[in-house]
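Q: Pasting the sequence and the predicted coordinates here, then a few questions.
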Amino acid sequence: MPPQHREFLSAALEAWRADPRILGVAAGGSFLTRQMDAFSDLDLVLVLSDALRATIAQERTAIARAAGPLLQGFTGEHVGEPRLLICLYGPPLLHVDLKFISVAELDVRIEDPEVLFEREGVITSRLRATRPKPLTAPSAQWIEDRFWIWIHYGLDKIQRGELFESLDMLAFLRAQSLAPLIRLTEGGEWRGARRLEASPQAAALSRVCARHDAAECLQALSAAVDLYTTLREQLRPADACQRSSAEPAVRAYLADVVAARRG
């Protein structure tokens, strides 16, 4: 663990051990894989009694502030997780996600966190009684059923001149279709486009990027189709998918748009 993370965690755990409302603290994310670097977040789970969990909303910031020099914190409704307090500490600056949950809420999780401290084994016993349900990557068929509609949408936005929307669509395609397919063909954990710079497909994926320019957006969208086609051909038989009936028409539309721009 980087020194900055270690120092924060040591001070935070000391403060939280002194707070009887906190039944335990566990860590997840990159902490579990021991792949943390100086730019990693800390993902921490603070476990409370079932009764306190219902009334903790007004006290979370104070609990976070007790851990260190809190600069700002906000809740995670934008990622569908209102129990999360997303915090920035510092200086030195450190991003820490604090999830406040009850003992019962430990039952629903994507991984088994590492217990950093607990009272009377409350976390360990609950984890042993239940199993995590990891996030599952989209299947190749799920992506195929959507990909060509997404391409058509992107083409229409370029044609209309809505280039900011086109740029958002390119980012969406990278994260929601191409990255999962790269994981299917190469293996590894699926978490959007994170760490794909190490993939053999990184150069091809980089071409699915553009500046605020119609020609570049169109070129990037064409590159998305090319990379998607390549990845689809590399799928194992067990992951093979039935081709969408929309593909020929969308490919023809793409070719027409490209020809019109060149003309």
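A: Noted; the coordinates are in hand. Residues are numbered from 1 along each chain as shown.
Q: The nearest residue in space to His152 that is not next to it in sequence and Val225: what is the separation?
A: Spatially, and ignoring its direct neighbours in sequence, His152 is nearest to Val250 (5.1 Å; CB to CB, 6 or more residues apart in numbering). From N, CA and C alone the C-beta is placed, and that goes for glycine too. If you measure Val250 against Val225 using CB to CB, to the nearest Å, the figure is 9 Å.
Q: Find residues that contact each of the two.
A: Ile151 (CB atoms under 8 Å, 6 or more residues apart in numbering).
Q: any low-confidence regions in the stretch 51-200 of the chain?
A: 189-190 (pLDDT under 70).
Q: That one: helices as residue ranges?
A: For the stretch 51-200 of the chain, the helices defined by DSSP state H, counting those that start in this stretch occupy 60-66, 122-129, 140-160, 163-173, 179-186.
Q: can those helices go into CSV with extra columns for distance to Leu221?
A: Below are those laid out as CSV (distance: least, CB to CB, whole Å):
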stretch, distance to Leu221
helix 60-66, 42
helix 122-129, 45
helix 140-160, 5
helix 163-173, 7
helix 179-186, 16
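Q: Most tightly packed of the ones you listed?
A: Mean neighbours per residue, mean count of other CB atoms under 10 Å, is largest over the helices of the stretch 51-200 of the chain for helix 179-186, with a mean of 21.
Q: Ala66 against Glu14, yeah?
A: No - contact between Ala66 and Glu14 fails when scored by CB atoms under 8 Å: they sit 9.7 Å apart.
Q: helices and strands around the host helix or strand of the residue nearest to His152, which ones?
A: For Val250, the host element (DSSP states H and E) is helix 247-262. Counting contacts by 3 or more CB pairs under 8 Å, 6 or more residues apart in numbering; DSSP states H and E, helix 247-262 packs against helix 140-160, helix 214-233.
Q: cutoff 6 Å now
A: Counting contacts by 3 or more CB pairs under 6 Å, 6 or more residues apart in numbering; DSSP states H and E, helix 247-262 is packed against helix 140-160.
Q: Now do the helix it packs on: everything it contacts.
A: With CB atoms under 6 Å, 6 or more residues apart in numbering as the test, helix 140-160 has contacts from 165-166, 169, 177, 214, 217-218, 221, 235, 239, 241, 244, 246-247, 250, 257.
Q: Filter those residues down to the buried ones, ChimeraX style.
A: A single ChimeraX command is used to select the members of those judged buried by 16 or more other CB atoms under 10 Å:
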select :166,169,177,214,217,218,221,244,246,250,257
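Q: Looking at the contacts of helix 140-160, spot the one nearest Glu114.
A: Asp239 (32.0 Å; CB to CB).
Q: right, and that closest one touches Leu181 too?
A: No - using CB atoms under 6 Å, Asp239 is not in contact with Leu181, being 9.0 Å away.
Q: And for this protein, the residue most distant from the center?
A: Using CA atoms, centre = their mean, the residue of the chain lying farthest from its centre is Gly263. It sits 40.8 Å away.
Q: what's the pLDDT at that residue?
A: As predicted, Gly263 sits at a pLDDT of 74.
Q: repeat for Leu9
A: As predicted, Leu9 sits at a pLDDT of 96.
Q: Three-state assignment for it, please.
A: For Leu9, the assignment made with DSSP: H, G, I helix; E, B strand; the rest coil gives helix.
Q: Chain neighbours aside, what residue packs nearest to it?
A: Excluding the flanking residues, the one nearest Leu9 by CB to CB, 6+ apart is Leu42, at 6.8 Å.
Q: before we move on, what about Ala15?
A: Using CB to CB, 6+ apart, the closest residue to Ala15 is Ala66 (4.4 Å).
Q: Next, work out how far apart the one you found and Phe74 are.
A: Separation of Ala66 from Phe74 (CB to CB) stands at 18 Å.
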